[in-house]
Every structure is written in C-alpha cells, then in structure tokens.
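Novice: Generate a structure from the sequence data that follows.
(2 chains)
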Amino acid sequence: MSASLRDCFDALVDLRPTDRAHALQAMGLSAGDQARLHALLAATDEAPRLLQTPAVALVDQWRGDPTIAEHLIGEHVGPFRITDWLGNGGSSIVFKGERDAGDGAQIVALKLLQTGRYSAAARQRFAREQAILATLTHPNIARLIEGGLSASGVPYIAMEYVEGLPITRHAEAASASLMERLRIFHTLCLAVEAAHGSLVVHRDLKPSNVFIDRHGVVKVLDFGLAKLLDDSDSATTHTQAIMLTPDYAAPEQFHAGPVTTAVDVYALGVILGELLTGRLLGRHDARNASIAVSDESARAVPRGLAARRMLARQLRGDLDAILATALAEEATQRYRSAGMLAEDIQRFLGGRPVRAHPPSRWYRAQKFVRRHRGGVMMTGVVTLVVLASLVISVWQWRIARTEATRANITRDFLVHLFTVSDAGMPRDSVPTTQALLRDAGRRIDDELVESPALRSEMQLLIGNVSRDLGLLDDAAPLLQKAAQSADVLYVPGEKRWVEAKIGYGTYLLAHGDYHACIDLLSDVVGRTPPLDTNIDQLGHALSLLAHAKSVTGRGEDAKADLAHAHALIFSARGEQSLQAYKVLGEEAEFAYKSADYKKAIELKRAVLEGAIRLFGADHAEVLQSRYSLAESLHRAGDLAEAEQLIVRCEQEFSRYYPTPNELLVDILSTLGSIQVVKGELDAAQKTFGRAYQLQTNELIGSHTLGTTLHNLAAVAQQRDDNEEALRYAEMAADAKRRLFGPDSAEYGSVLRLLGQIQSDLKRYDEAVESLVQSSTVIEKATSADNPMISNNHVTLAKIELARGHISAAREHVHTAIGGLRKAYGDTHRFSLIAAIYAAKIELAGGDAAAALVALRLLETTIRRGDAALKKLLPSTLESIADAELASGNRPGAESAWREALALRLAAGARPQDDAVRKLQEHLQSTQH
Amino acid sequence: MAGSAHEPMADQSADTLFDIVYDRLKAMAGRQRARGGSPATLGTTELVHELYLRMGSEKRFGDPAQFFAYAARAMRHILIDTATRKLQIKAGGDQRRVEMSDPLVGVVEIDPALALQLDAGLRALESDDARAAQVVELHYFAGLSMDQVAEILGTSRRTVDRDWQYARAFLALHAAPS
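Specialist: From the prediction side, this is the model:
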C-alpha cells in the first residue's frame, strides 16, 4: 500500500499543481490515502529545517567548547578576576569572579557576553538597561553589582553570587511539603511582583534562575538580563532569533508577541506546576495538574508530597484552577500580575476561596462582551455583573461538586445561549441583558429536557440573577419551578434543596408576599438539621424568615430567628465571612425596623465596610449598603451625612441597574424625606411624585406604594394642604394594611400620620382612634420604647388641649417627653416639640408664668439649633405671644407675632393659610 | 538489496567497526570547518572523506558502500547523542534560540530537539520506504553527493533525486504538528 502511495507520489510530483488534482482524483485512492498524498505533495516545498544545516555543523554547535572558558581563568575583567568557570548560557559564559573589597574578597557571578563588538548605540542601551537593573534592590532578587566593557571590549555583567540550589532541586532535597512549596513559591511571586513594580520583566524565569541560598532565602537570578542581552544582540546580528527557554516561555514569546509581565506570570505557572507535580505543565503536558499527577505511567511525584492519589486530590479544584489561570494560552486570560497570583496562593494557604477561574469561560465571557459592545454599552456594568455571576456560579458548582460532565453541559448551555443570540443579529438589535436572561429562561425547558437536575439548577440560577436585577416577573416562574422540582430531586434539608427554596423565598420577599414567604421558609427551617454542608443555607433561610417576620410585625419571633442564625454562622464561618456579612445585614435591618437607630447605624457601617471588603467598591451590594446606612442616619436625625450618601446613591443608581426597581423607589423615598426635614417641600413633593409615578407605571404592584403615599400625605400635611394629605393618608393606610398586614409597624406608622392629619382637620374623635390604634400596633410590632409611640402622645396631648382636657393633655405630654428624651436626647426637635406642647398646656391650665419661662428657654435652644430645628421657631413664638399676652405684656406678644409672621411668609406660607391669617388677625387687633 | 546487508548492528565485528568509525568521526567533528560541498552537507563531506582516506583502505571494510553506510549511521548517532546531551540542561545552558531565519550556523543556534524529531522521522521512513531512508543517510549524514549515492545504491541519479524529494516531504510532514 505504501509502495503504491510512493508510486502515486512520483507520478504526481512533477505535474503542475493545477493538474495534480485531476490526476489524483483519477487514481481512485481511499479518502485517507488521498489526504496523505495531498499533504506529502504540499510538503515538497518545505524541507525539514535540520536537513538545511550540515550534520557536522550541528554537532559542532551543540557540543560547545568549554576549553575557551578554561583559558580565561585568572584573567581580569573590569575590576574582577575570573576564578572559576560556572557554565555557558545561550549567549554568555558565566564565571565566578572576585575583587578585593576591604575586609575580604567580594565574590560575584560574572557574565561575559558573546556578542561580538558593540556599536555605540548598543553600548548606550546596555548602559541604560544596566542602570535600571542596578536600582532593582529586593531581598529575594540577586543584585546586579555592575556591568561594563572589559579591556578587550567584551561586555560583562557582575551579579550577586548565590550559592544554593535551584528551587525545584531545593524542594526535592528538603522533601518540602505541599504547604512549604507553596510558601516558597509565594515569596517568589512577591519578588517578581516587586520587579514588575520597577518595570523590569524577567523574561526567562525558570528553576535554574530561582535559587534557594544556604540560608534558605529565595533569590531570583538574572532579572532583566534577557532584555539587556536581546537588545544588544539585535544590534550586532541580523537575525530575528529570540532567546528563550522553550519549556518556560509563554506562547506569545514564540511569536515575537509583546513581552509583558504576563510572560513572567506564565513562567511562574510552569515553575509552580513543576514544584507541585514534578512535571512541566503547559505546552508539554495536560494543563490540569491533578490529572497530570494521577497518571500512573508518569515519573514519581516529588519527594515530600503526598502519594499520587492523595496529591491529585489536594491539587484538584483550587490549585488546578490557579495553575490553569497562570498558564492560560492568551496573556489576557492569565493573572493580571504576579501579585494576584501570590494573593491566590495566600488565599489557598489561608483556606479561603481563590479567585482563579478556568480561562476558557472568562475568555468566552469577554468575547461575548466584545461582540455585544453595543448592547453592553446600554447596560454597562450590569452585563458584566450578570456574566460574572453566571460564570462564577457555574464554576463554583463545578468546584463544589466536581461533576465535570454536568458542569460542562451547564457551560455549554450558557455558551450556546450567548453564541446563538449573536448569530446573524443585525447590529442595532444586539440583545440587552434582560433579553438574554429571558431567552435563557425560555430555553431551559426545551434544551435541558433530558437532565431534570440540571434544568432545575439552571432555572434557579437564571431565576436568581433575574430576581436580583429586579426582573421579578421573569424570575417568578423559574424560581417556582426550581423550588417545586427540588422536592423530587433532593432530600429535604439537603443543601441544594434549601438553596432552591431560598431562591423562591427571596422572590416572595422581594415581591411582598410575606406570608407565603414565612410559610415556605418556616417549613424549610423546620426540616433542615444544621449540618456542616448546609449551615450557610440554613443561616440564610433563617435570616430571610426573620426579615419577613419583622416586616409583618412579629418582632420577637424575628429576633429569635436572627439570634439563631447569628450563632450558627459566626461560629461555623467566622465574622469576616460572606455568610456573617449577610446575617449582620439582617440584624442591622432588624435594629432599624425596631427603631433602634443607634445600633442600626453601628451595624450598617460594619455592613458597608463588609460589602466593600467582600465585593469591591463598584458593586451593587455596596450601593445597597450605602443606601441602607443613609436611611438609618436619616431616621436618627443625622441629615447631613444621610443626604450626602443618599444623593450619591441616586446619582450612581443607573451605573448598577438597567431599569428602575424597588431600590430606586427606596432611594427616592429617603431623599424626599430628607428634603422634607430640611424644609424643601417642593423638592420633596417632586421626589415622592417621581417614586409614585414609577409605582403606577413601571413598577405596578410595588409593595412600597403605601410608603410613597404615606410620604406624599406627609408633605401635603406640611404644606398645610390637609384635605390632600387626608386623601393620600387614607390611600396609604389602605395600601399598607393590605401589603403588610394589620399588625405591622408600617401600618401603625401610617395610622399615626392619619391621626395627625385628622387632628389638624379637627376630626378629634377619628384622630384619637387612629392614634391609639397606631400606638397599639407599633408597640406590638416593635417595642413599647418606640419613639413613634411618644410622638403619638404628643399629638394626643395636642388634641386633648384643643378639647380643653388639661390633665389628660398633661399626662400625654409628659409620657411623650420621657420617651422622646430617652430615644433622641433633650435637644432633639421631637423632644422640643413635646416640650412646647407641655408649655402650651401649662398656659392653658392658667400658669402663664411657668409657661413663659419654659418657652423662652426653648426659644433660646431653638435659635441656636440647625435649620431643621429653626422650623419650630414660628410656633414657639406664637406660644410665647400667647404666654406674654396672658402675662399682660402686649408689646412682647406683638413682637413675637411679628417675627412669627415674617418667618412663616419667608418659609413660603401663603396668605390664605390658617396660621398666617391668624397672625395677621392678632396684629390687626392690636393696631385698633 | 544493500539495506539489510549493511546493517551495522548485525554482528560483533560490525559493531566494533561501527564503534571505531563513531569514535573517529566524533573526534574529528568540531575541528572541521566549512570548505565546500552543498549547503546541506557542508563540512560533513570533508569529514567523512577524510576518515575514508584514513580507514577506507583497511581490509575490515568489505567495500566503500559498507564504509559509508557505517559512517552515515555513526554520524547520525553522533548528532543524536550531542543533541541529547545538549538537551540535558546544565546551569544556564538551557536557554536556546528558536527561529532559524539565518542559515549560517554558529550565529543562529538550532533547537537540538529537532534532531530527535528527525531521527524519529527517519525511523518511520525506514519502514515506509527503506531506499529513500538510505538516500537521506548517505547524502545528509555521510555527506555523499547525489551521484555517489546513486552509484553506491546501484540505481539511477534520477531515482535518487526522486527518493530525496520524497524523503524530504515525508520528514517535513512527520515533523509538522498533526
């Protein structure tokens, strides 16, 4: 058969290429033979490289000639005397050299460069490079001592002489354990990173350039030398040849690609692979270290490491991923720096999750982003976040389960999804994140029919991502299906079962279906025994449950659930963990909901710090934490910091989210509330109006509609538009009772506002009913110390005063003052308002003198206070006028009235407003 | 044909003869400098002919064909051994040049791994087309001209040229990553 092929070759080789095809066809060969023949004919143009070079010349070249080197011993090069021959490099001979240095001989490694004569330009470049290298001082980098030209014009470099063993041989000789090897390697990475910081790339890292000296110190040799030699070479020879060590050279070095720090990262990867497996990973071997090491036919594992199987197990997962990332074919897929590689090694040593990820997936994700640049522009960071979370989730599953097949199917599904979405799509209709997710959700049923478990996982994954992006309608069916199929696929209490339930539970919470959420999660918690494998999920479920319970007014239950979660997670995972961060967030939220603002602020500052630490500064989680802190600060009365934070949240919102969602409504609500307190009522009305608009258009069914209505009512009330305030407040009460339940703090708080408005409208009976009910609900939902209850007492006192029930009024107001001072301190505006009422009541009770003293004191405090506090001045002055009048000091009263009127008008009050009319009447009556 | 008859490993005396040729060639290589011949055999031709002048007349070799077969095989071994030793890295010696844009040896260093690759390719060629493999040995490793190769193999110059062409394509294909 081969003979016939040879005959065919002879018959065809002299034909013109165009005629060959026909002739070849006519020969009637098998497809395989045809292909082989075709390849042979094509190869006639390129003789093997070796055959172009005479055999003798090759022998000559490879054999080298040590005798030349030996002749040089004893010679002087610069200030050094050559004492020994150490070896030959690619383009240099290395000697041991010494010179007198005061208290003894300085020993150096002396490199003589075999580069022929130097041009003036090359000499300058040599000097420049050498100067840069001389500045590179690091305890783990062998120092360049000096360089120059010998008397005969040969360039030389003197380096710190290191006596010891190359890193791999040292590890072998010391029988170093896995951890010891990693620690040495970590030091090496930091040294390389330091050099990179000085803009020096090694370009030729390999074990023979990384020594462990006699004191056990890592020393990197020849840093930057490759460049120095290369530059000088190119000036003296006319070849395109590049110096490199093939086993350790990054792929791009073979193609004369740009030499960046990434080539050192690659070489570090090869060295790490060699340290951990005894083999050269990368080009020659499977990139997967754990697979390489389990190969029985391969050489023995390095000394000091565990036996083959055990070692494979140790490498599988994180270390495989670290190696794969360092050894990625494309420079851009590798660790960005040696420092990041070092960090991952440190993480591994510390038992923390590593950041490495299989490059192929990142690569694909990046490619996807590149392809969809148009679409991505619209959604910006969000798409990246989505992709990152998909990719990372998928990869974490792979790590967690090591079910390679399934992970591959999952990955293929995602890749397929992105690829097909791209196919033939017109440029202007590249898909948005939302469209991609929707598409993904739809395809799960069609394309993953044969794997119910995988289908369920993908539903959960896509559902969770959609939900977290605020795409609740898209998320609902996916998460519901995933939660249902979990009962069939998994054992109740098992991690994956809990995860599926949590996915749906979180949706229910986000959607405001609190009771369904509580039912679901109570069942989950009841059926999940705390085990090491499911503790995170159990903690998460408890936190969610507590959240749902606290919203619906079951404060004590929620507190118990949270304490349970806290105890479980902090002891199992430590206080810096992501899981602890989540529990902390829930506790902060609970403190906030219980109006324990001081504690809430403290916890929320910790949460914000945690978010930045765990997610990085540019993460939606940070936006949420910042908002949350602002909200607490606002409630605690720290308006300046609250406003600063909340404005930042509003400005940055669209960087994190593609479409409006509940968080934006929350941000607007808080911003509006701050504007209210600052007296910017028009701005506040606009802000709340925006939120209301969102909730009646884009976010229909929003569970914070009640809150927005509440706020609109409050603004209307402040603007003295009591009819409109009442209308909004009734709508708000209705919405809140429906959404949060009749025992919720939310409902209690809206009743409070309703009562105040009713009181302003002099509907005293309705007002008292609303306020008493409000206090009852609030106390039940939170605690008896809740300052809202005290504020209710203020309003009740005001009502009783208006009705002439002095003693009832006095009782209410003193209860209120006690509670408010406890909650806010003596000079807080709530405490002062209550005190003003107390004075008014005394005045009404006939003790004008006592009232006047009290009011003048309050006036002083208020005048000294901030803008928010000064808003109390008109009503204080009005009370003072009343007291002065009752004390017989009419001029005193008049001057107080005059100032009050001026202040009210300056604050935007209209002439027809009650308060203004009343003041004008007073002043007119005095003129008569 | 000539192929199996000249197999040097066949008997003890041949082994000894081979060793002698090997040692002599090895000692002479390195002192040899380019002074003629084709680009592919520059130096090799000189070397082998010099050795033939010294040893060829000795009774131990049956005929010139046998001597050159030994010489070619010896040269091939020398090349492989040198390359292997070069590949056994010693301090600093593991850095090499790749890319061979300049045919002048000594300026551009050639990857010794290519020698091992060529050896493997030749072994494959031996079982595919033994005569073509012999042409490579005699021309490349023993430095014989194509006419001399034809004469020793008792075939036409045209056939030898064709064999050389086929061998080169075969080896190139073998070296190419599949």
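Novice: The spatially closest residue to residue A:828 that is not a sequence neighbour: what's it in contact with?
Specialist: In space, and not counting its chain neighbours, residue A:828 is closest to residue A:637: 6.3 Å by Cβ to Cβ, 6 or more residues apart in numbering or on different chains. C-beta: built from backbone N, CA, C; applies to glycine. When contacts are counted by Cβ atoms under 8 Å, 6 or more residues apart in numbering or on different chains, residue A:637 touches A:824, A:828, A:829.
Novice: of those residues, closest to chain B?
Specialist: Of all the contacts of residue A:637, residue A:824 has the smallest distance to chain B: 75.1 Å, by Cβ to the nearest Cβ.
Novice: Make sure the closest one is actually in contact with residue A:831.
Specialist: Yes - counting by Cβ atoms under 8 Å, residue A:831 is a contact partner of residue A:824 at 5.8 Å.
Novice: Of those two, which one has the most company?
Specialist: Between residue A:824 and residue A:831, counted using other Cβ atoms under 10 Å in any protein chain shown, the more crowded position is residue A:831 (24 against 18).
Novice: Let me see the backbone angles for residue A:353.
Specialist: phi -70, psi 140 (degrees, to the nearest 10).
Novice: Could you pull up the contacting residues of the residue nearest to it when sequence neighbours are not counted?
Specialist: Residue nearest to residue A:353 in three dimensions, not counting chain neighbours: residue A:347, with 6.8 Å by Cβ to Cβ, 6+ apart. The neighbours of residue A:347, taking Cβ under 8 Å, 6+ apart as the test, are A:353, A:354, A:355.
Novice: And these, which is closest to residue A:837?
Specialist: Residue A:837 lies nearest to residue A:353 out of the contacts of residue A:347, by Cβ to Cβ, at 57.7 Å.
Novice: Is residue A:644 located within a helix, as I assumed?
Specialist: Yes - Residue A:644 forms part of a helix when assessed by DSSP: H, G, I helix; E, B strand; the rest coil.
Novice: okay, now it: neighbour count?
Specialist: Other residues near residue A:644 number 12, with proximity taken as other Cβ under 10 Å.
Novice: That one and chain B, how far apart?
Specialist: For residue A:644, the distance to chain B (Cβ to the nearest Cβ, to the nearest Å) stands at 59 Å.
Novice: And what about residue A:281, helix, strand or coil?
Specialist: Secondary structure of residue A:281, reduced to three states by three-state DSSP: coil.
Novice: you'd agree it is up against residue A:293?
Specialist: No - using Cβ under 8 Å, residue A:281 is not in contact with residue A:293, being 9.9 Å away.
Novice: got a list of what residue A:778 touches?
Specialist: Counting by Cβ under 8 Å, 6+ apart, residue A:778 makes contact with A:745, A:748, A:749, A:752, A:786, A:788, A:789, A:792.
Novice: Adding distance to chain B, write the residues you listed out as CSV.
Specialist: Compiled in CSV, the contacts of residue A:778 are given as follows (distance: Cβ to the nearest Cβ, whole Å):
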residue, distance to chain B
A:745, 72
A:748, 76
A:749, 74
A:752, 79
A:786, 76
A:788, 77
A:789, 81
A:792, 83
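Novice: Where do the strands of chain B begin and end?
Specialist: All strands of chain B, identified by DSSP state E, fall at B:96-98.
Novice: buried set for the longest helix along chain B?
Specialist: Taking DSSP state H as the criterion, chain B has its longest helix at helix B:64-87. Across helix B:64-87, burial judged by 16 or more other Cβ atoms under 10 Å in any protein chain shown covers B:64-83, B:86-87.
Novice: near chain A too, which of those residues?
Specialist: On the criterion Cβ under 8 Å from any Cβ of the partner chain, B:75, B:76, B:78, B:79, B:82, B:83, B:86 are the entries of these that sit beside chain A.
Novice: Which residue is the nearest non-sequential neighbour of residue B:114?
Specialist: Closest to residue B:114 by Cβ to Cβ, 6+ apart is residue A:50, at 4.8 Å.
Novice: just residue B:136 next, same as before
Specialist: Among residues not flanking residue B:136 along the chain, residue B:167 sits closest, at 4.9 Å (Cβ to Cβ, 6+ apart).
Novice: related to what we said a few turns ago, part of a helix, is the residue nearest to residue A:353?
Specialist: Yes - assessed with three-state DSSP, residue A:347 lies in a helix.
Novice: still on that earlier bit, can you spell out which helices and strands pack onto the longest helix of chain B?
Specialist: Helices and strands touching helix B:64-87, by 3 or more Cβ pairs under 8 Å, 6 or more residues apart in numbering or on different chains; DSSP states H and E, are helix A:55-63, helix B:12-28, helix B:44-55, helix B:113-128, helix B:146-153.
Novice: could I have that helix exported to CSV, CA atoms only?
Specialist: Backbone C-alpha positions of helix B:64-87 (Å, rounded to 0.1, in the frame of the first residue of the first chain) are rendered in CSV as follows:
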residue,chain,number,x,y,z
PRO,B,64,33.2,1.6,0.1
ALA,B,65,29.5,1.2,0.3
GLN,B,66,29.8,-0.5,3.6
PHE,B,67,32.1,2.1,5.0
PHE,B,68,29.8,4.9,4.0
ALA,B,69,26.9,3.1,5.5
TYR,B,70,28.8,2.8,8.8
ALA,B,71,29.9,6.4,8.6
ALA,B,72,26.3,7.7,7.9
ARG,B,73,25.0,5.7,10.8
ALA,B,74,27.8,6.8,13.1
MET,B,75,27.2,10.4,12.1
ARG,B,76,23.5,10.0,12.8
HIS,B,77,24.3,8.7,16.3
ILE,B,78,26.8,11.4,17.0
LEU,B,79,24.2,14.0,16.1
ILE,B,80,21.6,12.4,18.3
ASP,B,81,23.9,12.0,21.2
THR,B,82,25.2,15.5,21.0
ALA,B,83,21.7,16.9,20.8
THR,B,84,20.6,14.7,23.8
ARG,B,85,23.5,15.9,25.9
LYS,B,86,22.7,19.5,24.9
LEU,B,87,19.1,18.9,26.0
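Novice: Just give the number of residues close to residue A:175.
Specialist: By other Cβ under 10 Å, 11 other residues sit near residue A:175.
Novice: typo on my end, residue A:484
Specialist: Look at residue A:484: counted by other Cβ under 10 Å, it has 15 neighbours.
Novice: mind checking which helix or strand it is in?
Specialist: helix A:472-489 (DSSP states H and E).
Novice: Does that helix pack against any helices or strands, and if so which?
Specialist: Counting contacts by 3+ Cβ pairs under 8 Å, 6+ apart, helix A:472-489 packs against helix A:433-447, helix A:452-468, helix A:495-511.
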